[in-house]
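Student: Attaching a predicted model along with its sequence, questions to come.
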Amino acid sequence: MTDFGIKEALKTLGVNDINEGTSTGSKWFSNGELIESYSPVDGKLIAKVKASTKEDYENVMTAATEAFKTWRVMPAPQRGEIVRQFGEKLREKKEALGKLVSYEMGKSYQEGLGEVQEMIDICDFAVGLSRQLHGLTMHSERPGHRMYEQYHPLGVVGIISAFNFPVAVWSWNTALAWICGDVCVWKPSEKTPLCGVACQNIITEVLQENNLPEGISCLVNGDYVVGEFISKDTRIPLVSATGSTRMGKIVASEVAGRLGKSLLELGGNNAIIVTPDADIKMTVIGAVFGAVGTAGQRCTSTRRLIIHDSIYDKVKNAVVDAYKQLRIGNPLDENNHVGPLIDKDAVAMYNKALEKVVAEGGNIIVEGGVLEGEGYESGCYVKPAIAEAANDYEIVQHETFAPVLYLLKYSGDVENAINLQNGVAQGLSSAIMTNNLREAERFLSHAGSDCGIANVNIGTSGAEIGGAFGGEKETGGGRESGSDAWKIYMRRQTNTINYTTELPLAQGIKFDL
Ligand code: UN1
């Protein structure tokens, strides 16, 4: 049986049977327990990674803090040049890294490549940005005074990322943080530690080739205990965390408790509104990719379809028909659309969601189930399912990280659909399918979607890096990637300069000595 070039990819990426999981740039060392990384694709052990102990973490922090002193004074465009070189290396290793992402995480190879493409894109974006870290100039109210603002590097940025985008989310943070003059300490998900090792190998090559200090990019590995080292560390002014709302609440309160900044990218419960003026063909592609892409494990995955009653049956039948075409299997085989879930715990949650929706009165119209037999030995392959449900079901209110799509019906005005769409605790991504300008604009208006992302005639997933990425409410409020998301990685300083021989006070206050 072909291994789809996995062995070769691991070699290219410098991933061994047993890897150190702690690194300060060029130096690898770890003294913790072994984390075993099993592939959800075939259930096989890929390799082991040593976790980081508290002592390892302290060594990392020493290296990071030291590296920051050099990095922060390097001109931003020169830091951009380093990120440019990193982007070049990613281009060279795109296939290998895309394969590892697919094999360790389970998303399709195409999506693995797409993820690496997001890394390349954010590098390009960051390179341009490295000459555009602009502040404003203000007119002083005092004569002979000048006032302006500068953005300075923050320091060590902690990054805690999730299994579902095991490489891209790191790069959204690091590419920006690096050009901003920060150094990074990354804890990847313990479910995808090899992706972390591979990325760290790539950036280490760049740092070494440029004689740059260790510690600009650091890696630590482990579970929530290592995450806590980061969130509780007063030497880390910003913690960027991606994952569940439950995890985000813990990180947020730990970081807030020491008045640090956090950038949170948490759960979504994303809906597509389908109005009577929707293009049905586009709706089906957007909805099906949104619901089953990455096996429903994107935070932007489509969880709810809110369909107008006048076209409900038509849309339902078209989506159900499309589900019949789906091929589930090894994600490295490009004939398949849907790969496995990350692990058996995820399968259990998927099963529970299907049980729950039935118990709450839902009607399953595309049966789910766990696949068995040849090719499905890992036990992580499930059938994408669809249930007719109501928005107020507890399970519909909840983000299940699996390919379960809920169909909801609305009648009358688009406002009713918007109310349903907004009627959940999360606020990440949303979409409307319509050719009606009035409906589209109402959806985008102040009284429209309450999400961080609102799309017209595009599904909920697959955001480009150029826009700010993130969401409101329980999604956590953070923004990563494009637009002016870079500002969170810097500290703003307001400077007022007096070039006279007088010292007038602001607000006209008199203070004569
Ligand atoms: C995530 O699921 O954590 O919009 C990020 C998308 C991707 C990013 C998703 N560009 O689907």
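Tutor: Structure received.
Student: dump the residue contacts of residue 65.
Tutor: 155-156, 215, 235 (C-beta atoms under 8 Å, 6 or more residues apart in numbering). The way it works is simple: take the backbone N, C-alpha and C, and place the C-beta from them, glycine included.
Student: State the helix or strand in which it lies.
Tutor: Remark: residue 65 resides in helix 54-71, with elements defined by DSSP states H and E.
Student: I'd like to know which of the contacts of residue 65 are buried.
Tutor: Buried by 16 or more other C-beta atoms under 10 Å: 155-156, 215, out of these.
Student: re earlier: need the contacts of residue 65 in TSV (columns: secondary structure, pLDDT and distance to residue 4).
Tutor: Listed next are the contacts of residue 65 as TSV, based on DSSP: H, G, I helix; E, B strand; the rest coil; pLDDT from 0 to 100; distance: C-beta to C-beta, whole Å:
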residue	secondary structure	pLDDT	distance to residue 4
155	coil	98	42
156	strand	98	38
215	coil	96	36
235	coil	98	42
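Student: any idea whether residue 293 is helix, strand or coil?
Tutor: The three-state assignment at residue 293 reads helix, by DSSP: H, G, I helix; E, B strand; the rest coil.
Student: For it, list the residues it contacts.
Tutor: By C-beta under 8 Å, 6+ apart, the contact list for residue 293 reads 107-108, 111, 301, 461-462.
Student: and the stretch 401-513 of the chain, which residues reach the ligand?
Tutor: Of all the residues in the stretch 401-513 of the chain, those in contact range of the ligand (C-beta under 6 Å from any ligand atom) are 461-463.
Student: Of these - the most surrounded one?
Tutor: Note: the member of those with the most neighbours is residue 461, at 24 neighbours, neighbours being other C-beta atoms under 10 Å.
Student: for the residue lying closest to it once chain neighbours are set aside, what are its contacts?
Tutor: With sequence-adjacent residues excluded and distances taken as C-beta to C-beta, 6 or more residues apart in numbering, residue 461 is closest to residue 300, at 3.9 Å. Residues touching residue 300, when contacts are defined by C-beta under 8 Å, 6+ apart, comprise 268, 270, 290, 428-429, 453, 460-463.
Student: picking that back up, quick check, nearest of the contacts of residue 293 to the ligand?
Tutor: Sorting those by distance to the ligand puts residue 461 at the head of the list, at 3.8 Å, by C-beta to the nearest ligand atom.
Student: how is this protein carved up into domains?
Tutor: Taking the TED database as the domain assignment, the ranges for the chain are 6-266+476-493, 270-456.
Student: Dump those domains to CSV, plus distance to residue 512.
Tutor: As requested, these are arranged in CSV below (distance: least, C-beta to C-beta, whole Å):
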stretch, distance to residue 512
domain 6-266+476-493, 16
domain 270-456, 50
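Student: Could you give the number of residues near whatever residue of the stretch 51-200 of the chain ends up closest to the ligand?
Tutor: Proximity to the ligand, evaluated over the stretch 51-200 of the chain using C-beta to the nearest ligand atom, is greatest for residue 165 at 4.6 Å. The burial count assigned to residue 165 is 27, neighbours taken as other C-beta under 10 Å.
Student: Nearest residue to the middle of the chain?
Tutor: residue 169 (4.4 Å; C-alpha atoms, centre = their mean).
Student: Am I right that that residue is in contact with residue 160?
Tutor: No - with contacts defined as C-beta atoms under 8 Å, residue 169 does not count as touching residue 160, sitting 9.6 Å away.
Student: quick one: which of the contacts of residue 293 is nearest to residue 424?
Tutor: residue 301 (13.7 Å; C-beta to C-beta).
Student: re the thing from before, relative to residue 47, which of the buried ones among the contacts of residue 65 is nearest.
Tutor: Nearest to residue 47 out of the buried ones among the contacts of residue 65 is residue 215 (C-beta to C-beta; 25.0 Å).
Student: From residue 205, how far off is the closest one?
Tutor: 16 Å (C-beta to C-beta, to the nearest Å).
Student: before we move on, which element is the residue nearest to the centre of the chain in?
Tutor: For residue 169, the host element (DSSP H and E) is helix 168-179.
Student: Show me which positions of the helix or strand following that helix end up buried.
Tutor: For helix 168-179, the following helix or strand on the C-terminal side (DSSP H and E) is strand 183-187. For strand 183-187, the buried set under the neighbour-count rule, 16+ other C-beta under 10 Å, comprises 183-187.
Student: Could you dump those into a markdown table and include distance to the ligand and pLDDT?
Tutor: Formatted as a markdown table, the entries for the buried residues of strand 183-187 read as follows, by distance: C-beta to the nearest ligand atom, whole Å; pLDDT from 0 to 100:
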| residue | distance to the ligand | pLDDT |
| --- | --- | --- |
| 183 | 23 | 98 |
| 184 | 18 | 98 |
| 185 | 20 | 98 |
| 186 | 15 | 98 |
| 187 | 16 | 98 |
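Student: Thank you, goodbye.
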